[in-house]
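Participant: I'll drop the sequence and a predicted model, then ask my questions.
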Amino acid sequence: MKAVPFKTTRRIIIDPGEYYASRHPEVISTLLGSCVAACLFDPVKRVFGMNHFLLAYRHHANNLPIIESDEGRYGIYAMELLINDMMKLGATRQNLKAKCFGGGNVLRLREDKQNQATVGDVNVEFIKAFLSNEKIPILSSCLGGTHGRNVHFVGTDFSVFIKKIGETQERLLENQERSYWKKHIEDREKAKTSSAEFW
């Protein structure tokens, strides 16, 4: 996460796995591919925030509700961190509204050719299920597709500006996501092979 000057305020740029909440007239920005950003706000208490998450698994069991699955647990963790931070700043859970973005198939993976969900599909399914379960209304969204997005969430009026990214930036994003997946798979394999015993 980094803060940069922006007009008369500042812009907070968040990366995958990060989140930020504020009561100030700031702008929160991120770059999304397969990831999803939930932009939440309490219009009464004037608190807003954004997270950026990529679920931990590419697939989930079709017979299991996603919010009860392994990847759902990861997503719930990302959402609860943001919501709890907003509540510390004075937000009320019952007042929360959402705007959601991302979940594009920028990796051009072939799961969809076999009637299986892509990473982006799973992320989109999760955020819709989570917000429905928590009774947080989605006021607007731009989810799915095949392109990455720049997202800017404005704290003065809770508007969101999105722009689809160009081909050069998209290739960089694709490489970053592939690196993320490679590291994630390696970490998971290491965790399986290390057999620590606790007494």
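Facilitator: Noted; the coordinates are in hand. Numbers count the residues shown, from 1 in each chain.
Participant: any low-confidence regions in this structure?
Facilitator: The chain contains residues with pLDDT under 70 at 56-73, 107-116, 166-171, 173-199.
Participant: neighbours of the residue lying closest to residue 24 once chain neighbours are set aside, how many?
Facilitator: Closest residue to residue 24 apart from its sequence neighbours, by CB to CB, 6 or more residues apart in numbering: residue 155 at 6.3 Å. Every C-beta, even on glycine, is put in place using the N, C-alpha and C of the backbone. A count of nearby residues for residue 155, using other CB atoms under 10 Å, gives 20.
Participant: quick one: the helices in the protein, in order.
Facilitator: Along the chain, counting by DSSP state H, helices occupy 70-88, 119-133, 167-193.
Participant: and the second one, what other elements does it pack with?
Facilitator: Same thing as helix 119-133. strand 36-42, helix 70-88, strand 97-102, strand 138-143 (3 or more CB pairs under 8 Å, 6 or more residues apart in numbering; DSSP states H and E).
Participant: go again with 6 Å.
Facilitator: Counting contacts by 3 or more CB pairs under 6 Å, 6 or more residues apart in numbering; DSSP states H and E, helix 119-133 packs against strand 36-42.
Participant: between the strand it packs on and strand 97-102, how many degrees?
Facilitator: If you take axes from the mean of the first three to the mean of the last three CA atoms, to 10 degrees, strand 36-42 sits at 160 degrees to strand 97-102.
Participant: for strand 36-42, name the packing helices and strands.
Facilitator: So strand 36-42, by 3+ CB pairs under 6 Å, 6+ apart, packs with strand 47-51, strand 97-102, helix 119-133.
Participant: save the ones you listed as TSV, and put in mean neighbour count and distance to residue 25 too.
Facilitator: Formatted as TSV, those follow (neighbours: other CB atoms under 10 Å; distance: least, CB to CB, whole Å):
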stretch	mean neighbour count	distance to residue 25
strand 47-51	27	10
strand 97-102	23	17
helix 119-133	21	25
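Participant: re the thing from before, hmm, the residue nearest to residue 24 is touching residue 48, no?
Facilitator: Yes - under the criterion of CB atoms under 6 Å, residue 155 makes contact with residue 48 at 5.2 Å.
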